[in-house]
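>>> okay, sequence plus prediction incoming.
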Protein chains: 2
Amino acid sequence: MTCAVAAARCTAARALLGGYKAGTTLRCVTMAPSYCVTLRDVQEAQRRIQGLVHTTPVMTSSSLDALAARNLFFKCELLQKTGSFKIRGAVNAVKSLPADKCTAVVTHSSGNHGQALALAAQMMGIPAHVVVPTTAATCKKSAILGYGALIVDCEPTDKSRAEVAAQTVQKTGGVLIHPNQDPAVIAGQGTIGLEVLQQAIKPDIKIYAAEPLNADDCYRAKMSGVLTPNLQPPVTVADGVKTSIGPNTWPIIRDEVDEVFVVTEDEIKNATRLVWERMKLLIEPTAGLGLATILSRQFQEKTRDIQNIGVVLCGGNVDLGSIDWLKQP
Amino acid sequence: MTCAVAAARCTAARALLGGYKAGTTLRCVTMAPSYCVTLRDVQEAQRRIQGLVHTTPVMTSSSLDALAARNLFFKCELLQKTGSFKIRGAVNAVKSLPADKCTAVVTHSSGNHGQALALAAQMMGIPAHVVVPTTAATCKKSAILGYGALIVDCEPTDKSRAEVAAQTVQKTGGVLIHPNQDPAVIAGQGTIGLEVLQQAIKPDIKIYAAEPLNADDCYRAKMSGVLTPNLQPPVTVADGVKTSIGPNTWPIIRDEVDEVFVVTEDEIKNATRLVWERMKLLIEPTAGLGLATILSRQFQEKTRDIQNIGVVLCGGNVDLGSIDWLKQP
């Protein structure tokens, strides 16, 4: 089910691309039972979070359409509460907790899920403990604190995140809400897919994933057919996709994503700058992955028959104090 | 007529603020005959430009509402065609030309009106000659060229702009479309006022103007009661308001603007950064004037009874290559 695939990719903070040709039927309407979420989970999440998150607009740009030689539909999740789509999954997860478990939550996050869970917990009147790598953007940490959550430092590795989070769960008695493997989080993020289908895109689509060449675990997994996490902490301007995909999202990506494209750091920076200049939308570089892919020679050559492309601008939490990359050639 | 006052202020590229209290009636519904535009001119302009310009959204931000202790309604003209509201006046002016005069247009502009007139001329299939100060932002010059117009250089003074424009009219036989004194331009910009009334703000309003302390000709004119242009080229990060107000806009501002507030460069930068961070909207510093004023102590103290405030985010043409000011403390 393509919406849920979208969900899966969102959960892993990948930029989403959905291209479609009009006049055909939905490729697949139910999730395979081996997936951790079903279409119904996503639909229930949509009802659960309604009124608590924004229905973000879909915007277009004739100037970027001309550059891409396609019609582009940008789903503006940077205008979402907390500045990224992550609030969808966080609210769904917290609201899905049974009453006796809904006393505190814990997570590890490079920032956007941390902010989102902080606000979701604040909405429900419970404390949130957020494990954040010491390398995370300052603005993201400030925002987490601003939503009343407590920050617990960890090293910038998947291993350290998981260990410190587990310790925090033990100490606080809170429930761990994993940033991208919790099924309720995945279902919440999938509501982007439902909304885009309602707003702009017909439901006969292909699903393309976009990833930095410097953090290409998803690409390598698709090539090899085996889940292969990044061995080293990736170095990329797209800080939202430094974490690897996990066991709950991998089967959906394996079966339902048509292709994964990788783009260079320069391509990501160029696309981010284009969205800033032409659309006046302050996306974070991770949200530039989609346009970077669309403008890449590889994508342009492989997808000539696709005229309409949906792109999720996943977030806008830019650390304005560290945008030196903008001026690099 | 407050809409047309809005028009006048927009024309001079001032950020607009309209505060209102609900439940009362329109302050004034007709323009005095001494003004160069009437309400009917603005209404006709709205019909003339319909479908050729965007109806831009009005956005809100709970975080900025909290900072301002008011409800703020941001009219997003940075998302307008050419990245600013100036396309409204340009299209209205070019479409208002009699058929035998509609062969070429000329203007002088620090950028946004230049881009707008370039696109308006391109829409009508006629050439545009744009006189631009040598100090104008690179991105603005590139955009003017991108819309197929020809750039004519001038010095960054009101005098040089006017002289070079007059020479260009003589050379090319084009019609001069003044960036802020042409009545058709003023009427076109006034359509923002009509739209905001339709979208967000009830028509019993006060009109406040916002201006940099470093380019305060409007403030000084209101204080003295006499039109008093800036004597020196102003130095301000808000490059869209370096030009002085003129004889056609001054009577409207004199009679209809309730008060002019001035803000410092630091206040403008801080407000611009806040809109970037909290709203993810890449406004140009000139568009930060409105929020800067609202957050100023002077405005907060003088307008305690006003709960709802409309703010025009007039444009988003930021020269990304020259944003050093962002990092200054």
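Structure's in. What do you need? None of these values were measured; they are calculated from a predicted model. Numbers count the residues shown, from 1 in each chain, chains lettered A, B, ... in the order given.
>>> need the single longest strand in chain A, by residues.
When chain A is parsed with DSSP state E, its longest strand is strand A:205-212.
>>> neighbouring strands for that one, and are they parallel or not?
Strand A:205-212 has the following sheet partners, assigned by DSSP bridges: strand A:15-20 (antiparallel), strand A:259-263 (parallel).
>>> any idea which of those scores lowest on pLDDT?
Of all the strands paired with strand A:205-212, mean pLDDT reaches its minimum on strand A:15-20 (a mean of 34).
>>> poorly predicted segments of chain A, please.
Low-confidence segments of chain A (pLDDT under 70): A:1-33, A:110, A:322-329.
>>> tell me which parts of it are close to chain B?
With Cβ under 8 Å from any Cβ of the partner chain as the criterion, chain A comes near chain B at residues A:57, A:59, A:78-79, A:83, A:139, A:273, A:276-277, A:279-283, A:316, A:318, A:320-321, A:323, A:326-327. Yep, even glycine has a C-beta here, placed from its N, CA and C like the rest.
>>> just the ones of those residues in strands?
A:Met59.
>>> buried among the residues of chain A next to chain B? Make that a ChimeraX selection.
Listed next is the ChimeraX selection for buried residues among these, using 16 or more other Cβ atoms under 10 Å in any protein chain shown:
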select /A:59,78,79,83,139,273,276,277,279,280,281,282,283,316,318,323,326
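>>> in helices, which of the residues of chain A next to chain B appear?
In this view, the residues of chain A next to chain B that belong to helices under DSSP state H are A:139, A:273.
>>> that older thread, after the longest strand of chain A, heading C-terminal, what element do we hit next?
Under the assignment DSSP states H and E, the closest C-terminal helix or strand after strand A:205-212 is helix A:217-224.
>>> what ranges do the strands span in the stretch 51-200 of chain A?
Secondary structure of the stretch 51-200 of chain A (DSSP state E, counting those that start in this stretch): strands at A:58-59, A:71-76, A:105-108, A:128-133, A:150-154, A:175-176.
>>> neighbouring contacts of the third one?
Among residues not part of strand A:105-108, those counted as contacts by Cβ atoms under 8 Å, 6 or more residues apart in numbering or on different chains are A:93-94, A:97, A:113-114, A:117, A:120-121, A:126-132, A:154, A:161-162, A:164-165, A:168-169, A:172, A:174-179.
>>> starting at the chain centroid, how far to that strand?
17 Å (Cα atoms, centre = their mean, to the nearest Å).
>>> show me the domain layout of chain A.
Listed domain ranges for chain A are A:3-84+A:184-327, A:86-183 (source: automatic domain parsing).
>>> mind listing what's buried in stretch A:148-155?
For stretch A:148-155, burial by neighbour count (16+ other Cβ under 10 Å) applies to A:149-152, A:154.
>>> list just the nearest of those to chain B.
For the buried residues of stretch A:148-155, the residue nearest chain B by Cβ to the nearest Cβ is A:Ala149; the value is 16.0 Å.
>>> apart from its neighbours in sequence, what residue is nearest the closest one?
Among residues not flanking A:Ala149 along the chain, A:Ala118 sits closest, at 3.5 Å (Cβ to Cβ, 6 or more residues apart in numbering or on different chains).
>>> A:Ile151 is in contact with that neighbour, correct?
No - using Cβ atoms under 8 Å, A:Ala118 is not in contact with A:Ile151, being 9.3 Å away.
>>> that older thread, now list the buried members of the contacts of strand A:105-108.
Among these, the ones that count as buried (16+ other Cβ under 10 Å) are A:93-94, A:97, A:113-114, A:117, A:120-121, A:126-132, A:154, A:161, A:164-165, A:168-169, A:172, A:174-179.
>>> so what's A:Thr60 up against?
Taking Cβ under 8 Å, 6+ apart as the test, what A:Thr60 contacts is A:71-74.
>>> run the last query once more with 7 Å
Residues in contact with A:Thr60 (Cβ atoms under 7 Å, 6 or more residues apart in numbering or on different chains) are A:72-74.
>>> now A:Gln307
A:70-71.
>>> ok, 6 Å please
A:Arg70 (Cβ atoms under 6 Å, 6 or more residues apart in numbering or on different chains).
>>> swap in A:Trp250?
A:Leu227.
>>> who does the helix ranked longest in chain A touch, helix- and strand-wise?
Ranked by number of residues, the top helix in chain A under DSSP H is helix A:158-172. With contacts taken as 3 or more Cβ pairs under 6 Å, 6 or more residues apart in numbering or on different chains; DSSP states H and E, helix A:158-172 sits against strand A:105-108, strand A:128-133, strand A:150-154.
>>> from A:Val260, how far out is whatever residue of the stretch 51-200 of chain A ends up closest to chain B?
Closest contact between the stretch 51-200 of chain A and chain B, by Cβ to the nearest Cβ, is at A:Leu78 (4.6 Å). Per Cβ to Cβ, to the nearest Å, A:Leu78 is found 23 Å from A:Val260.
>>> hey, C-alpha coordinates of stretch A:188-202 in CSV?
Output of stretch A:188-202 as CSV, limited to C-alpha atoms (Å, rounded to 0.1, in the frame of the first residue of the first chain):
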residue,chain,number,x,y,z
GLY,A,188,1.0,8.5,12.1
GLN,A,189,3.6,9.5,9.5
GLY,A,190,1.6,7.6,6.9
THR,A,191,-1.2,10.2,7.2
ILE,A,192,0.9,12.4,4.9
GLY,A,193,0.3,9.9,2.2
LEU,A,194,-3.5,10.0,2.8
GLU,A,195,-3.5,13.8,2.7
VAL,A,196,-1.4,14.0,-0.4
LEU,A,197,-3.8,11.6,-2.2
GLN,A,198,-6.7,13.8,-1.0
GLN,A,199,-5.0,17.0,-2.0
ALA,A,200,-3.0,16.6,-5.2
ILE,A,201,-2.0,13.1,-6.3
LYS,A,202,-4.1,10.4,-7.9
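>>> list the buried residues of it.
If you call a residue buried by 16+ other Cβ under 10 Å, then stretch A:188-202 has these buried ones: A:188-197, A:200-201.
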